[in-house]
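S.K.: Fold the stuff below for me.
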Amino acid sequence: MTDYLTQLDAWKAHRLERLKAADGWLNVIGRYWLENGTVTVGSAADNDLVLSAGPAHVGTVTQDDEGVTFAPADGGAPVRLKLDKHHPPRFHSGSLLLEVTTLNGEHALRVRDTESKAPAEFPGIPYFPADPKWRVVADWELLDKPITMTVDTVLGIPTEVTVTHKAVFQHDGQTYELIATHGSAASPQFVIKDPTSRTDTYPASRFLFGEDVTDKTIVLDFNKAINPPCAFTEHAVCPLPPPENVLPFAITAGEKRVANGH
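M.R.: Numbers count the residues shown, from 1 in each chain. Next up, the predicted model:
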């Protein structure tokens, strides 16, 4: 048990480190939907997209039917961005880290201020007491055929996902199932909710990533149930849990609500 708790502490430290990183969720200062055409970006008032930090004039972002191009204001060569919803293209301007995200085929410019004081001022993430009983080895069952389903988001933007597996596990003598709607084969992502959302955890959902996946089993470590990005910034689009993943029992494990969360 000591080894498990030590490993869990290391995981929590890494989680906080990633959250506070230059590409974490604490320093996002804006997210702007793009339409076909050209917009100017910067902190000066004469820009189409006026930022709260960074250079007065970052440059222009142009979207057309073929994609998105960034032209820096300093006269540098325009860059045609390779759009990828899983790995959004990034570029820098002064203290800013900018990226173009894709959702349902629509693109948005997300901006981070790497000199933001928010990461240093962040008080940390509260947790339920760690308990190894919440580390569950579940059956990882392949569905008879993949299911395409619609998952809503906190912004009311529905997205289509394909579900191929379900995790089947026991709790207090009862059998429960969770479906993985996001993530990867090696790290399936479950968007979950339980009665603790009324008082102790983020109201919309928490995320849980499966571990040690085989063709028969998957580890669900609820001690690692985390707040979604939307708990830290209003400039994120997070999926909501499908009805199948709303559990009737309290999961008193993992991350609690953060102070002054969104």
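S.K.: Grab the nearest non-local neighbour of the residue nearest to the spatial centre of the chain.
M.R.: To find the centre residue of the chain, average its C-alpha atoms and take the closest one (C-alpha atoms, centre = their mean): that gives residue 229, at 4.6 Å. Distances taken as C-beta to C-beta, 6 or more residues apart in numbering put residue 236 closest to residue 229, at 3.8 Å, once the chain neighbours are dropped. Every residue, glycine included, has its C-beta placed from N, CA and C.
S.K.: repeat for residue 257
M.R.: Closest residue in space to residue 257, ignoring its immediate chain neighbours: residue 202 at 5.5 Å, by C-beta to C-beta, 6+ apart.
S.K.: How about the contacts made by that neighbour?
M.R.: Under the criterion of C-beta atoms under 8 Å, 6 or more residues apart in numbering, the contact partners of residue 202 comprise 227, 228, 230, 231, 255, 257, 258, 261.
S.K.: Just flag the most distant two among the residues you listed.
M.R.: Largest separation among the contacts of residue 202 by C-beta to C-beta: 230 and 255, giving 13.2 Å.
S.K.: still on that earlier bit, from the contacts of residue 202, which single one is nearest residue 42?
M.R.: Using C-beta to C-beta, residue 230 comes nearest to residue 42 of the contacts of residue 202, at 26.6 Å.
S.K.: Neighbour-wise, which one of the contacts of residue 202 leads?
M.R.: Using other C-beta atoms under 10 Å as the neighbour test, the contacts of residue 202 are led by residue 227, with 25 neighbours.
S.K.: Am I right that residue 186 is in a strand?
M.R.: No: judged by DSSP: H, G, I helix; E, B strand; the rest coil, residue 186 forms no part of a strand; its state is coil.
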